[in-house]
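3D model of this:
(2 chains)
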Amino acid sequence: MPPREGTYGLLAEFDTPGDLVRAARQARLDGWRRLDCYTPYPVEEAAEAIGFHRNKVPLVTLVGGLMGLVAMFLLEMWISVLAYPLNIGGRPTYSWPAFIVPAFEWTILFAGLSAAFGMLALNGLPTLYHPLFNAPNFRDGATTDKFFLCLEALDPKFDLVETRAYLTSFQPVSVVEVEY
Amino acid sequence: MGTTDLKPNDPAIDPATGEYRVIAPGQTFRSITEKIAGIVLTPTTPLGWLALFGVAGAGATMLLVAVTWLFLKGTGIWAVTQPVAWGFAIINFVWWIGIGHAGTLISAILLLFKQGWRNSINRFAEAMTIFAVVCAGMFPLIHTGRPWLAYWMLPVPLTMNVWPQFRSPLMWDVFAVSTYATISVVFWYIGMVPDFGTMRDRSQNKVAQYLYGLASLGWRGSVRHWMRYETASLLLAGLATPLVLSVHTVISFDFAVAILPGWHTTIFPPYFVAGAIYSGFAMVLTLAIPLRKFYHLEALVTERHIDNMGKVLLATGFIVAYGYGMEIFMSWYSASHWEAFMMWNRMFGPMGWSYLVLVTCNLAIPLTTLWSRKLRTSISYMFFISILVNTGMWFERFVIIVTSLYRDFLPSSWGTYRATKWDYMTYVGTLGLFTALFLLFVRFLPMIPMSEIRMMLPGAKITAKTTAEAGD
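Predicted structure coming up:
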């Protein structure tokens, strides 16, 4: 965990997604690694610009779905064959085609819950406090119509004065220092 | 078709395609955010909202009375008896769950097909789904007569050592409907998380900031978060698509697996699914048309949406018509005396009037007039059609259930079906409950997904020039 004092980073505000992507791409090329973009809607180009290409949500979903499938099928099998065998019109106790429907439903159920909660967990949400909320222009900006690039203090290249000058070279609307 | 019947310089029409625009021109990120969030973030509740909520609340109260009396006296207060052992409860169950399906279709299937126009209407269509499932889910429970024993349907260890029977479609229904309700709620909530962030940042009221802040889970719009969020949304859409088809298929199995003429047919799964989408889109129109008028959302829910929904109604209406036709054909082609009698009795027997209502509301009026673009973009006509189709689809379920049952194999056991006041009170009560829940949604939650609308504005596009200048 980083120390919760001092500077979190420098936050540059842009008016258009194009300006943000240009700045983010250049920062990545110049060797910045601890950086993030904040946008009011998904901007795929910005994610690519900061080198974020793939995520683990599909894998989590697949594993969850398979768990649901196996769990329900085994449950049905155990109930119908071992725990409580019923003779329904002489059908075999292990009548697996009839078990497909609930097993399918649980595949969807577990996969869907894994996708949703897995996404939140990978994003580290819920995080009700974040230093960025201290920036005066961040709230009602990042969730409405402004585009932000944040260079974080944890990056070895970070220097309060030089980084501010560097960010200003992209002609942002403003550059503000964000404190913990 | 074409634009000949429209004004050539109408700003609502895109000159490049000749189609109505999905979003009216002149909107910015801030203007749409202010518009949508402003509906919720105002201390004044419109008088019309209060009046309607009063009426809907009275309906919900009536439901409470009807259900309380039912629990005290048992299902004998309803009209269900031999030979019509399934009555209003199952009709309403199938009707409500069918209405819900359009919400999932709009939010999931149209997302996968990249139909951008869905963005304006998907949030309240999903809300409609959830509230419809709430109403639908109640009926099988109260229909059992002993709802306090409903947990017997779940595979849980009980002291009686009794377990459910997984070979029955009624058991499949338990899993289909409960999964559908859960996934719909999750999809709806995840869709709202970024918008809750907007509401948190825009609200001036401390309590609202706190509550929207909690609901937003601390959303801050990081692009890494957005990318995972987009993946999860796509996956949920991909999962909800087979789910929604399976739910109504399983419901149709409740009928199709029985050996009763009129139910025992293989056309039921696709025909039920198409019927569900037909009635659901009608309900979306019933809700969207007053909403866009009273909250002045004409710039976001445009004629294009009404027109497109008219086209979906037309297409699904024809699938439903094919289903009706195939039922009639099979009753003749099967060469079964019982099938043929059932169909004759359904159309011309003492309850033939219900079949006539069904054909008029579902086929005769919508499928002949929805071809006209002028009528499809006429708001009042589409509202009329939506009410008509909702009525027709309710009667479809009435026809399937009652007219298949009331004259069975043995003439001595023939009977009829006449709903009691408790049946009507329960049905009208669920309409009240649905409306009340929907009004609460409109008042407290953002009814149009702001983040998705932002993506559709011209300002959201990143030009090729930007990419070239970045030097790669």
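
the bottom helix or strand of chain B by mean pLDDT?
Sorted by mean pLDDT, DSSP states H and E, the helices and strands of chain B end with helix B:464-469, the least confident at a mean of 48.

which ones are touching the nearest residue to B:T426 once chain neighbours are set aside?
Excluding the flanking residues, the one nearest B:T426 by Cβ to Cβ, 6 or more residues apart in numbering or on different chains is B:A66, at 4.5 Å. All C-beta spots, glycine's among them, are computed from the backbone N, C-alpha and C. Contact analysis of B:A66 by Cβ atoms under 8 Å, 6 or more residues apart in numbering or on different chains lists B:W422, B:M425, B:T426, B:G429.

quickly note the distance from B:A66 to chain A.
According to Cβ to the nearest Cβ, to the nearest Å, B:A66 and chain A sit 31 Å apart.

immediately after the helix or strand harbouring that residue, which helix or strand?
Using DSSP states H and E, B:A66 sits within helix B:47-73. For helix B:47-73, the succeeding helix or strand toward the C-terminus, using DSSP H and E, is helix B:88-104.

which element follows whichever strand or helix holds A:A47 toward the C-terminus?
If you go by DSSP H and E, A:A47 is part of helix A:44-49. Beyond helix A:44-49 on the C-terminal side, the first helix or strand identified by DSSP H and E is helix A:57-77.

hmm, that next one touching chain B?
Yes. Under the criterion of Cβ under 8 Å from any Cβ of the partner chain, helix A:57-77 makes contact with chain B via A:V57, A:P58, A:T61, A:G65, A:M72, A:L75, A:E76.

how far away from the center of its chain is the next helix or strand after that helix?
With elements assigned by DSSP H and E, the helix or strand that comes after helix A:57-77 is helix A:96-122. A distance of 20 Å separates the centroid of the chain from that of helix A:96-122, by Cα atoms, centre = their mean, to the nearest Å.

looking at the closest residue to B:N362 other than its chain neighbours now. What's its pLDDT?
In this structure, B:N362 finds its nearest non-sequential neighbour in B:G392, 3.6 Å apart by Cβ to Cβ, 6+ apart. Listed pLDDT for B:G392 reads 92.

how about the strands in the stretch 351-472 of chain B?
Using DSSP state E, counting those that start in this stretch, no strands are found in the stretch 351-472 of chain B.

ok, B:R292 to B:G38 distance?
15 Å (Cβ to Cβ, to the nearest Å).

more neighbours: which of the two?
Each of B:R292 and B:G38 has its neighbours counted (other Cβ atoms under 10 Å in any protein chain shown); B:R292 has more, 21 against 11.

elements contacting the helix or strand hosting the more buried one?
Assigned by DSSP H and E, B:R292 falls within helix B:268-294. Packing partners of helix B:268-294 (3 or more Cβ pairs under 8 Å, 6 or more residues apart in numbering or on different chains; DSSP states H and E): helix B:88-104, helix B:122-143, helix B:223-256, helix B:303-333, helix B:379-405.

what angle separates that helix from helix B:47-73?
140 degrees (axes from the mean of the first three to the mean of the last three Cα atoms, to 10 degrees).

how about helix B:268-294, which residues are buried there?
Buried residues in helix B:268-294, counted by 16 or more other Cβ atoms under 10 Å in any protein chain shown: B:268-289, B:291-292.

how about stretch A:43-59?
For stretch A:43-59, the neighbour count (16+ other Cβ under 10 Å) marks A:V43, A:E45, A:A46, A:A47, A:E48, A:A49, A:I50, A:F52, A:N55, A:V57 as buried.

dump the residue contacts of the most centrally placed residue in chain A.
Centroid-nearest residue in chain A: A:N123, 3.7 Å away (criterion: Cα atoms, centre = their mean). Under the criterion of Cβ under 8 Å, 6+ apart, the neighbours of A:N123 are B:S222, B:R224, B:H225, B:R228, B:Y229.

roughly how far does it sit from B:I190?
Taking Cβ to Cβ as the measure, A:N123 falls 11 Å from B:I190.

just A:A46 next, same as before
A:A46 sits 21 Å away from B:I190, going by Cβ to Cβ.

over to B:L356?
45 Å.

which of these two has more neighbours?
Using other Cβ under 10 Å, the more surrounded residue of B:L356 and B:I190 is B:I190, with 20 against 14.

show me where pLDDT drops low in the chain?
With no chain named, the answer covers chain A. Within chain A, the ranges that satisfy pLDDT under 70 run A:1-4.

that's the wrong chain, I meant chain B
Those would be B:1-20, B:463-472, if you go by pLDDT under 70 across chain B.

got a list of what B:W219 touches?
Counting by Cβ under 8 Å, 6+ apart, B:W219 touches A:L125, A:T143, B:V193, B:P194, B:F196, B:G197, B:H225.

and the fourth one, how many residues sit next to it?
Looking back up the chat, that one is B:P194. Residues lying near B:P194 (other Cβ under 10 Å) number 27.

list the buried residues in stretch B:132-144.
Across stretch B:132-144, burial judged by 16+ other Cβ under 10 Å covers B:A132, B:V133, B:V134, B:C135, B:A136, B:G137, B:M138, B:F139, B:P140, B:L141, B:I142, B:H143.

no wait, stretch B:207-226
For stretch B:207-226, by 16+ other Cβ under 10 Å, it's B:208-209, B:211-213, B:215-226.

circling back to that earlier point, most neighbours of all the contacts of B:A66, which one?
Busiest of these [other Cβ under 10 Å] is B:T426, holding 26 neighbours.

sorry, back to before: the contacts of A:N123 also near chain A: which ones?
Filtering those for proximity to chain A by Cβ under 8 Å from any Cβ leaves B:S222, B:R224, B:H225, B:R228, B:Y229.

dump the strand ranked longest in chain A to PDB, restricted to CA.
For chain A, the strand that runs over the most residues, judged by DSSP state E, is strand A:7-14. In PDB, the C-alpha atoms belonging to strand A:7-14 read as follows (Å, rounded to 0.1, in the frame of the first residue of the first chain):
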ATOM      1  CA  THR A   7       0.800  13.900  -3.700                       C
ATOM      2  CA  TYR A   8      -1.200  11.300  -5.500                       C
ATOM      3  CA  GLY A   9      -0.500  12.600  -8.900                       C
ATOM      4  CA  LEU A  10      -1.000  15.400 -11.500                       C
ATOM      5  CA  LEU A  11      -4.300  15.600 -13.200                       C
ATOM      6  CA  ALA A  12      -4.600  17.200 -16.700                       C
ATOM      7  CA  GLU A  13      -8.100  18.100 -17.900                       C
ATOM      8  CA  PHE A  14      -9.000  18.000 -21.600                       C
END
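
which strands or helices does it pack on?
In terms of contacts (3+ Cβ pairs under 8 Å, 6+ apart), strand A:7-14 is packed against helix A:17-29, strand A:147-152, helix A:160-168, strand A:174-179.

now with 10 Å, please.
Strand A:7-14 sits against helix A:17-29, strand A:35-38, strand A:147-152, helix A:160-168, strand A:174-179, with contacts defined as 3 or more Cβ pairs under 10 Å, 6 or more residues apart in numbering or on different chains; DSSP states H and E.
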